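**Student:** This is a predicted model, with the sequence first.
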2 protein chains.
Amino acid sequence: MNDDAMDLRARNSQATREAISHAALRLAIEQGPNGLALVRVHDIATAAGVSPRTYNNYFSSRAEAICAFQADQSRRVGQALRSRPADEPLDQAVIAAVIELYTDPEPDKAGLRMIMLTPELEGEALKAFSMAEGPLAEAIAARTGTDPGRDLFPAVTAAAVAGAIRVAGRHWLEPGNTESFATMLRSALTCILPAEPHEDPRDR
Amino acid sequence: MNDDAMDLRARNSQATREAISHAALRLAIEQGPNGLALVRVHDIATAAGVSPRTYNNYFSSRAEAICAFQADQSRRVGQALRSRPADEPLDQAVIAAVIELYTDPEPDKAGLRMIMLTPELEGEALKAFSMAEGPLAEAIAARTGTDPGRDLFPAVTAAAVAGAIRVAGRHWLEPGNTESFATMLRSALTCILPAEPHEDPRDR
DNA sequence: TATCGATATTGCGTGTCACGCACTATATGC
DNA sequence: GCATATAGTGCGTGACACGCAATATCGATA
């Protein structure tokens, strides 16, 4: 995660990756949610200062490049939860972690709008948000002491959290909306987070 | 939904749609999760008895055709919830509706495995499951008397339910697993369903 | 039942894309 | 400073999605 932790090659690689992804998102935003077809691979590559073939070494579709930032963000949720104090109740820890992660740099409304409101990006956007589920489920399992192999709670909760973030984003983008993103996230997450995992009566 | 409720033309349309989708899924299963590239559009069209161009009138990608059944299934969740008795508590109603819908015809394990375990299908599979969210959120809002414009509860719960179904499916597919799909669904849904919507302290 | 009109199906052409392969340039480690 | 692993690139290919226009087919109505 820290650039210092990576060797020089990996850092360069990461840099071009971000250059491509950033260029892709920027160009997509310029054309708006209905002009995605106008964003050609050649343009993205040129804007990022690489050849089209190189673009394709990093991403296997335009959608993937455009949504890469959201995907990376999602991947960090698990780690964010792990960095919360261990004695914090699960619900508060998750809420705090998510809010911190999604509002530390001012969230990019244009980018989120592009990703969530472009029909051709729907699948990739869902993939991006669902990237949080795996690591998050593990972090939840670690925190609650549940075995993710037997108990569905961690995976289900992780999926629910990812869904709540998505819904919060959607509502945040809605036209007449004055609330902050943090507020929307808290409202959404509160809907599905119990303080402790339920006892499943079927558990053995 | 009832065939009788549709125009004859619409019924034929639906029939070819299903023929194409069915052929696509069948061919995909034959090649397995790692041979999706071998399923050509031409093969799907031929197997369905239509021209390649016609296939493309119904679906705009192979992935969409393959996942169409799951998508249709998801679309029915809202209606299934509405058909539960009005005095049933929300959690029980949702659980009963989902189990009924997903186990009435014996669930197609091979199809589910194909859809959920094929990397190239991941985005489309997520889209398919998320198809449930819209109608389901409306049904939940209707049942709980909440205004989906102001309150995030219906949308968030719908997303959580869709996620829980997904996770249940994933676990159901896991190798050493003797439980029935219904059991997995109940376990998963129990993790995220409160009997009643929470009071959001921020509500006004 | 015969005819008309709407609609589904199809063929063709086009632009784009993803990717395998082989070659070159670059920089990393010794 | 040199050998070598790794990133970047050019070219060629196969497949795909889709617009357009012509045709076949079906369903309703008199």
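**Tutor:** Nice, I can see it.

**Student:** Could you give the backbone dihedrals for A:T118?
**Tutor:** phi -100, psi 120 (degrees, to the nearest 10).

**Student:** Tell me how many other residues crowd it.
**Tutor:** 21 (other Cβ atoms under 10 Å in any protein chain shown). For glycine as for every other residue, the C-beta is placed from the backbone atoms N, C-alpha and C.

**Student:** Can you list the helices and strands that the strand or helix carrying A:A97 packs against?
**Tutor:** Assessed by DSSP states H and E, A:A97 sits inside helix A:90-103. In terms of contacts (3 or more Cβ pairs under 8 Å, 6 or more residues apart in numbering or on different chains; DSSP states H and E), helix A:90-103 is packed against helix A:77-82, helix A:133-144, helix A:153-173, helix A:181-192.

**Student:** how far away is A:G123 from DNA strand C?
**Tutor:** 13 Å (Cβ to the nearest atom of the strand, to the nearest Å).

**Student:** Also A:D87?
**Tutor:** From A:D87 across to DNA strand C, the span is 41 Å (Cβ to the nearest atom of the strand).

**Student:** Just give me the neighbour total for that residue.
**Tutor:** 6.

**Student:** now swap in A:R9 and tell me
**Tutor:** Other residues close to A:R9 by other Cβ under 10 Å number 8.

**Student:** State the helix or strand in which it lies.
**Tutor:** With DSSP H and E as the criterion, A:R9 is inside helix A:8-31.

**Student:** what's the angle from the helix holding A:A97 to helix A:181-192?
**Tutor:** Helix A:90-103 and helix A:181-192 are oriented at 150 degrees to each other (axes from the mean of the first three to the mean of the last three Cα atoms, to 10 degrees).

**Student:** Give me the buried stretch members for helix A:90-103, please.
**Tutor:** Neighbour-count burial for helix A:90-103, with 16 or more other Cβ atoms under 10 Å in any protein chain shown as criterion, is recorded at A:L90, A:D91, A:A93, A:V94, A:I95, A:A96, A:A97, A:V98, A:I99, A:L101, A:Y102.

**Student:** likewise stretch A:47-55?
**Tutor:** A:A47, A:A48, A:V50, A:Y55.

**Student:** Which of the residues you listed fall within helices?
**Tutor:** Among the buried residues of stretch A:47-55, the members found in helices (DSSP state H) are A:A47, A:A48, A:Y55.

**Student:** ok, now which ones touch the residue lying closest to A:R166 once chain neighbours are set aside?
**Tutor:** By the measure of Cβ to Cβ, 6 or more residues apart in numbering or on different chains, the closest residue to A:R166 outside its immediate chain neighbours is A:F129, 5.0 Å from it. Counting by Cβ atoms under 8 Å, 6 or more residues apart in numbering or on different chains, A:F129 makes contact with A:Q70, A:S74, A:A162, A:G163, A:I165, A:R166.

**Student:** which non-adjacent residue is nearest the fourth one?
**Tutor:** Nearest residue to A:G163 in three dimensions, chain neighbours excluded: B:A159, at 3.1 Å (Cβ to Cβ, 6+ apart).

**Student:** circling back to that earlier point, by contact count, what packs against the helix holding A:R9?
**Tutor:** helix A:41-48, helix A:52-58, helix A:62-66, helix A:68-75, helix A:109-117.

**Student:** is DNA strand D contacted by the one helix or strand in chain A whose mean pLDDT sits lowest?
**Tutor:** Using mean pLDDT, DSSP states H and E, the weakest-scoring helix or strand in chain A turns out to be helix A:8-31, at a mean of 92. Yes. Applying Cβ under 7 Å from any atom of the strand, one finds helix A:8-31 touching DNA strand D at A:R9, A:A10, A:N12, A:S13, A:T16.

**Student:** For chain A, which residues are neighbours of DNA strand D?
**Tutor:** Checking chain A against DNA strand D by Cβ under 7 Å from any atom of the strand, the hits are A:R9, A:A10, A:N12, A:S13, A:T16, A:V50, A:S51, A:R53, A:T54, A:N57, A:Y58.
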